[in-house]
Structures are given as structure tokens and as C-alpha cells.
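Novice: When you get a sec, could you give me coordinates for this:
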Amino acid sequence: MKPHAFPITKEFFDRNRPRLINLAHSIVGDASLAEDIVQEAFLHLSTKPETGSVNAPLSYLTAIVRNLSVDLVRSQVRERAVMTDAMAASDTVSPSDFSVNPETIALWRSEYRIFAKAAHALPEPTRSALHMYLFEEKSLRAIAKAKNLSLGKVHYLIRDGLAACANALDDRQAQSRSGPGKS
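Specialist: Below is the predicted model:
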């Protein structure tokens, strides 16, 4: 039996795009990044000449969107952590060291503290799964095996943990936009 091609048509794209953008947005917390992720996922699929053994293109596409979204959040957290560690290790930080200004450095430190505080406040299963995923770079499957949980449960723990941390950052940004003494 000959493999069939992915049904990447304008109709397929239009029909599934909103749901996939919502999924990506729930993970990354930014609508424009979510749209970029969905576009990248569709481009990835549309350049595949044959599907091989993939029987459910929408499920496969959903997994691609989820993985791209989580990878983006993971890399952003890691970049902030590395930057914060580098700044903490140095007695003096000059803007030329990082090609950013002092306000940006202070913002990154503040965001990292907010993220860490939100992560620390998570229930233990969520906190430990999130830590294994973001900082130990364990796969969902490895976390599920180590925690004796289903793969779906691990996915939900990590999604909920990332969402809680993103919400804490969003709340802080909303407070800073309203200014001191305004609420």
C-alpha cells in the first residue's frame, strides 16, 4: 500500500488553525508567538512529501504545535536562568557584557524571581515534573516513567505548571503597567 500525502489544503489549515493557535497560546502566553508556532508546524507538514505511517495528521500536527510551544518556553526559561546565573556570578555587571541595558538586566532578574516563586508555590507533583522537564531536560516519557504516571498526566502537570508561571509573570506585567498606587 502506498503512503498517502498529508491533507495540507487551505481548508485543512483554515479549519484547524484557531484550535492550534489556542493550544500554542495557552502554553507560550503570547498570541503572535502562537501564530508563528502554528505557521511553522504547518510549514513543517506541508514540506513532507509522504506521511509514511502517520494515520492522523491533525493529531500529529497538534503534537508538533505542543512540542514547538513547550520547546520555546523551555528555551526562554533556560536563557533567563543562564543570564541570571551569569549576572549572579559576577560582582560587577556592565551592560556591554550582555548587550543589554541595566533596566533589562533588572527586569530579567525580577522575572526569574517571579517565575521561581510561582514554580515553588506549585503542588509537589507539578513542581517536580516541571523541574525535571525544564532544568533536567527529561522527556515527557522519562518523567512519566520516573513518577509512575501516564504520559497524558505528565503533559497536563507540565502544561499547568507553565501556565501558572506564565500567569504570575502576566500578573506582574499588568501591575507594572497600571503603575504604583493604581489597581
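
Novice: residue contacts, residue 21?
Specialist: The neighbours of residue 21, taking C-beta atoms under 8 Å, 6 or more residues apart in numbering as the test, are 31, 34-35, 38. Backbone N, C-alpha and C define where each C-beta goes, glycine included.

Novice: let's see it at 10 Å
Specialist: Neighbour list for residue 21: 31, 34-39, 65 [criterion: C-beta atoms under 10 Å, 6 or more residues apart in numbering].

Novice: got it, and residue 155?
Specialist: Contact analysis of residue 155 by C-beta under 10 Å, 6+ apart lists 66, 70, 129, 133, 140, 143-144, 149.

Novice: related to what we said a few turns ago, can you list which of the contacts of residue 21 are found in helices?
Specialist: With helices defined by DSSP state H, the entries of the contacts of residue 21 inside them are 31, 34-39, 65.

Novice: For the buried ones among those, write the corresponding PyMOL selection.
Specialist: Filtering the ones in helices among the contacts of residue 21 down to the buried ones (16 or more other C-beta atoms under 10 Å) takes a single PyMOL command:
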select buried, resi 34+36+37+38+65
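
Novice: Pick the one among the contacts of residue 21 closest to residue 154.
Specialist: residue 65 (17.8 Å; C-beta to C-beta).

Novice: gap between the closest one and residue 171?
Specialist: Residue 65 is 26 Å from residue 171, where distance means C-beta to C-beta, to the nearest Å.

Novice: And residue 39, by the same measure?
Specialist: On the measure of C-beta to C-beta, residue 39 and residue 171 end up 29 Å apart.

Novice: again, but for residue 60
Specialist: Computed as C-beta to C-beta, the residue 60 to residue 171 distance reads 35 Å.

Novice: Please identify which of these two sits among more neighbours.
Specialist: Of the pair residue 60 and residue 171, residue 60 is the one with more neighbours under other C-beta atoms under 10 Å, namely 16 against 12.

Novice: For the more buried one, give me the pLDDT.
Specialist: At residue 60, the model reports a pLDDT of 81.

Novice: Would you confirm that it contacts residue 45?
Specialist: Yes: A contact is recorded between residue 60 and residue 45 when judged using C-beta atoms under 10 Å, the distance being 7.6 Å.

Novice: ok, residues contacting stretch 133-149?
Specialist: Outside of stretch 133-149, the residues within contact range by C-beta under 10 Å, 6+ apart are 66-67, 70, 73-75, 77-78, 81, 115, 119, 125, 128-132, 150-158, 161-162, 165.

Novice: Mind giving me the PyMOL command for buried ones among those residues?
Specialist: In PyMOL syntax, the buried subset of the contacts of stretch 133-149 is picked out as below (16+ other C-beta under 10 Å):
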select buried, resi 66+70+73+74+77+81+115+119+128+129+130+132+153+154+155+157+158+161+162+165
